[in-house]
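1. what follows is a protein structure lacking sequence information:
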């Protein structure tokens with residue numbers, strides 16, 4: 001009786017959601033491209049600004065600073081795209097290997113896999129009889145999908161997408177890396193360095209706030225985190241540039 005009531009309740013809930021068009025807008029599906037985009041924008045801002053500040057701190061000419069920034073921007077975007085593609089492709093390889101292994105296990109001993117899936121649902125709080133019913137129903141429909149989802153945690157919306165991640169990373173790096181060039185609009189080397197730093201910090205704050213809003217998180221901590229990290233990076237490279245200039249006479 002308890003099992004029948006539970007199944008009836010589940011059917012009623014499903015029917016209610018279908019009739020009312022109930023759709024929940026979660027942000028998990030954004031995780032892949034959002035991580036690559038935020039990382040790319042932050043890297044573009046920090047690396048380009050740090051490079052320009054470091055070169056400017058050595059009292060190089062304006063042309064040298066701009067050349068260094070453009071070269072760093074192009075190299076960084078390509079490096080981000082290649083690195084992201086290789087990294088996410090490795091994740092795809094792992095997912096494929098797990099999928100192949102699960103296919104072999106289902107073909108070799110489907111009863112053991114059914115018992116394993118039943119145990120998963122029972123451990124999540126379902127009564128034993130209901131866990132058996134759910135596992136049987138899913139095994140009849142698509143056993144591989146059930147095991148990939150509930151045993152291994154693979155979901156379509158969070159699947160690794162190397163090309164998407166590479167494009168998002170490269171484009172965001174380019175967009176982020178263009179911000180420090182606004183500082184070159186000032187007059188004099190000293191003011192340019194200050195404007196590059198200010199533009200980069202404002203850009204980092206904006207990127208942190210934007211990423212937090214898209215992810216649905218609080219705004220202050222992400223923005224503060226990227227601003228402090230970027231500021232520290234620029235400070236170090238400025239010190240290195242000054243030291244190199246001094247050692248060169």
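-> Alright, I've got the coordinates. The shown structure was predicted, so the numbers you read here are calculated from the model rather than taken from an experiment. Numbers count the residues shown, from 1 in each chain.
2. low-confidence ranges, the chain, go.
-> Within the chain, the ranges that satisfy pLDDT under 70 run 1-36, 155-160, 186-190, 211, 214-217, 245-249.
3. helices or strands up against the lengthiest helix in it?
-> In terms of residue count, the longest helix belonging to the chain (DSSP state H) is helix 62-108. For helix 62-108, the packing partners by 3 or more CB pairs under 8 Å, 6 or more residues apart in numbering; DSSP states H and E come out as helix 31-57, helix 110-123, helix 143-150, helix 162-178, helix 189-215. Heads up, the C-betas are built off the backbone N, CA and C, glycines and all.
4. which residues touch the third one?
-> Defining contact as CB atoms under 8 Å, 6 or more residues apart in numbering, one finds that helix 143-150 is touched by 98-99, 102-103, 106, 110, 113-114, 116-117, 120-121, 135, 138-139, 154-155.
5. how far out from the middle of the chain is it?
-> Computed by CA atoms, centre = their mean, to the nearest Å, the chain-centroid distance of helix 143-150 equals 25 Å.
6. and it, what's buried?
-> Residues of helix 143-150 classed as buried: 143, 146, 147, 148, 150 (neighbour count, 16 or more other CB atoms under 10 Å).
7. do the last one as well
-> Neighbour-count burial for helix 189-215 flags 192-193, 195-197, 199-201, 203-208, 210-212 (criterion: 16+ other CB under 10 Å).
8. check the fourth one too.
-> Applying a neighbour-count criterion of 16+ other CB under 10 Å, one finds 162, 165-178 buried in helix 162-178.
9. what is that helix packed up against?
-> helix 31-57, helix 62-108.
10. of these, which is nearest residue 232?
-> The closest approach between residue 232 and any of the helices and strands packed on helix 162-178, judged by CB to CB, belongs to helix 31-57 at 9.3 Å.
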